[in-house]
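Engineer: pasting the sequence and the predicted coordinates here, then a few questions.
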Amino acid sequence: MRQLALNLLLTFTSFLALILLCELFFRFPIWSETKKSEWSDRPKFYYDPEGALDHTAQTHNKKKAANTFRIAVVGDSYSFGPFMQYDDTFAGKLNRMLNLNNSTIKTEVINYGISGYSTTQEFNLTKRALEEEADLVILQITLNDAELKPYTPDGVIISTNKYGAYVVSPETPKIIRYSKFLTFVAGRLHNYKSKGDYKNYYLSLYDQKHVRGKLAFKNALNNIKSLCDSKKVPLVAVIFPLFGTEIDDNYPFNSIHELIGKILTKRQIPYLDLKNEFASIPTLRLQVIPGIDFHPNEIAHRMAAETLYSWLIEQGFLPEELKIKSIYKLRNHLKKTDN
């Protein structure tokens, strides 16, 4: 018994010594002489046009002016664009692109995106857009649009992402908060678990246990389509991929993209799936706050706007006068090159 007690004491002492060495290792890393400084490329301030009613920055009149082609972008936070300037969203980019010509037709791309909304809530947004004389409705779809929400979201983006990188907060146990080593371990465990949770959550929205969510999504599409048809206004959809995982050969949500595509096709809603546009691009380059907030950033919104513009032109949804007359492959010197 005495020998057993000594062995246990030795084991416990060795374990404590190992923990202490690990703590010293993480507090005073020998491989780095300088402390990494925190940085952020988010705007230092945000701006809106004078008279804007909200942070989608719209100042349009409900009554459309003559010789105006009005496009309504109806969607959720992927349309709203959190932590970005309003004119850096794909709606803002598209608005700029369609007003480059000296045309008699003016274009208004109105962003009706509200964070937290799903397709069921977006029916009322579409109704509002049609009342405000939209000539084209672009329905932006995110892969979580099959979520059941028995309430109307308030449009606020929460400050933390449960699937994002591990962040120490006041709620974190003190023993972890004050230990560099335990913070490292907790972070690794969180990140490993969150990757699986992120994948499983989105896939679960379309499995057999969530029939009501899929049905609500389909019914909302039926209602939006019927509403647009009754006003003789074209309805198209644009599907965004999820930027919380790499969009490569192992992208786990291909089946959801295919399912949504079939649902839209059955309802005769033309759609553009942007998944291939972002294929093989490191998602950290596309996230608005890398590793923390997975919403698309300015780069992703610009790419979406360019692809959407080309698709709308090819499909004949835009007046010929709005087709950009000066498009170039390069812009790295003053002299214009061939289109």
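Structural biologist: Received, thanks.

Engineer: what pLDDT is listed against the nearest residue to residue 295 once chain neighbours are set aside?
Structural biologist: Leaving aside its chain neighbours, residue 295 sits nearest to residue 288 (4.6 Å; criterion: C-beta to C-beta, 6 or more residues apart in numbering). Backbone N, C-alpha and C define where each C-beta goes, glycine included. Note on residue 288: pLDDT of 96.

Engineer: equivalent analysis for residue 338, please.
Structural biologist: Per-residue confidence (pLDDT) for residue 338: 63.

Engineer: how many neighbours does residue 102 have?
Structural biologist: Residue 102 is surrounded by 7 other residues when neighbours are defined as other C-beta atoms under 10 Å.

Engineer: tell me the contacts of it?
Structural biologist: With C-beta atoms under 8 Å, 6 or more residues apart in numbering as the criterion, no residue contacts residue 102.

Engineer: just list the residues touching the residue nearest the centre of the chain, thanks.
Structural biologist: Nearest to the mean C-alpha position of the chain, by C-alpha atoms, centre = their mean, lies residue 295 at 3.3 Å. When the contact criterion is C-beta under 8 Å, 6+ apart, the partners of residue 295 are 77, 78, 81, 82, 83, 157, 243, 287, 288.

Engineer: identify the residue spatially nearest to the third one, adjacent ones excluded.
Structural biologist: Read that as residue 81. Setting aside the residues directly before and after it, residue 81 is nearest to residue 89 in space (C-beta to C-beta, 6+ apart), at 3.8 Å.

Engineer: got the phi and psi for residue 71?
Structural biologist: phi -110, psi 130 (degrees, to the nearest 10).

Engineer: can you check residue 91 too?
Structural biologist: Geometry field for residue 91 lists phi and psi as phi -70, psi -40, criterion degrees, to the nearest 10.

Engineer: wait, it touches residue 73, no?
Structural biologist: Yes: with contact defined as C-beta atoms under 8 Å, residue 91 and residue 73 form a contacting pair (4.2 Å).

Engineer: least trustworthy helix or strand in the chain by mean pLDDT?
Structural biologist: Among the secondary structure pieces of the chain, namely its helices and strands, helix 174-177 has the lowest mean (mean pLDDT, DSSP states H and E), a mean of 61.

Engineer: number of residues surrounding residue 123?
Structural biologist: Here the count is done by other C-beta under 10 Å, and residue 123 has 18 residues near it.

Engineer: the one 10 residues further on now?
Structural biologist: Using other C-beta under 10 Å, residue 133 has 18 neighbouring residues.

Engineer: and the closest residue to it other than its chain neighbours, what element?
Structural biologist: Excluding the flanking residues, the one nearest residue 133 by C-beta to C-beta, 6+ apart is residue 64, at 4.0 Å. Assigned by DSSP states H and E, residue 64 falls within no helix or strand.

Engineer: list the contacts for residue 64?
Structural biologist: Residues in contact with residue 64, defined by C-beta under 8 Å, 6+ apart, are 70, 108, 132, 133.

Engineer: just residue 121 next, same as before
Structural biologist: For residue 121, the contact set (C-beta under 8 Å, 6+ apart) comprises 114, 149, 152, 153.

Engineer: against residue 222, how distant is the third one?
Structural biologist: Using C-beta to C-beta, to the nearest Å, we find residue 152 at a distance of 20 Å from residue 222.

Engineer: same check on the second one?
Structural biologist: Here the criterion is C-beta to C-beta. By it, residue 149 lies 18 Å from residue 222.

Engineer: and if you look at the last one?
Structural biologist: Here residue 153 is placed at a distance of 22 Å from residue 222 (C-beta to C-beta).

Engineer: mean confidence for stretch 264-281?
Structural biologist: When the per-residue pLDDT values of stretch 264-281 are averaged, the result is 97.

Engineer: contacts for it?
Structural biologist: Around stretch 264-281, the neighbours that count as contacts under C-beta under 8 Å, 6+ apart are 139, 141, 221-222, 225, 235-241, 243, 247-248, 251, 254, 257, 261, 286, 300, 303-304, 307-308, 311, 315, 317.

Engineer: 7 Å instead?
Structural biologist: 221-222, 225, 235-241, 247-248, 257, 261, 286, 300, 303-304, 307-308, 311, 315 (C-beta atoms under 7 Å, 6 or more residues apart in numbering).

Engineer: buried residues, that stretch. List them.
Structural biologist: Taking 16 or more other C-beta atoms under 10 Å as the neighbour-count basis, stretch 264-281 is seen to contain the buried residues 264, 267, 269, 271, 272, 273, 274, 275, 277, 278, 281.

Engineer: send me that stretch as CSV with only the CA atoms.
Structural biologist: Only the C-alpha atoms of stretch 264-281 are listed here, as CSV (Å, rounded to 0.1, in the frame of the first residue of the first chain):
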residue,chain,number,x,y,z
LEU,A,264,-36.6,25.8,-57.7
THR,A,265,-36.8,24.0,-61.1
LYS,A,266,-40.0,22.3,-60.2
ARG,A,267,-41.5,25.7,-59.5
GLN,A,268,-40.1,27.2,-62.7
ILE,A,269,-37.9,29.7,-60.9
PRO,A,270,-34.7,30.3,-62.8
TYR,A,271,-31.7,30.3,-60.5
LEU,A,272,-28.0,30.8,-60.3
ASP,A,273,-26.0,28.7,-57.9
LEU,A,274,-22.8,30.5,-56.9
LYS,A,275,-21.1,27.5,-55.4
ASN,A,276,-18.8,26.9,-58.4
GLU,A,277,-17.8,30.6,-58.5
PHE,A,278,-16.1,30.2,-55.1
ALA,A,279,-14.7,26.7,-55.6
SER,A,280,-11.2,26.2,-54.4
ILE,A,281,-10.8,29.7,-53.0
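
Engineer: lovely, talk soon.
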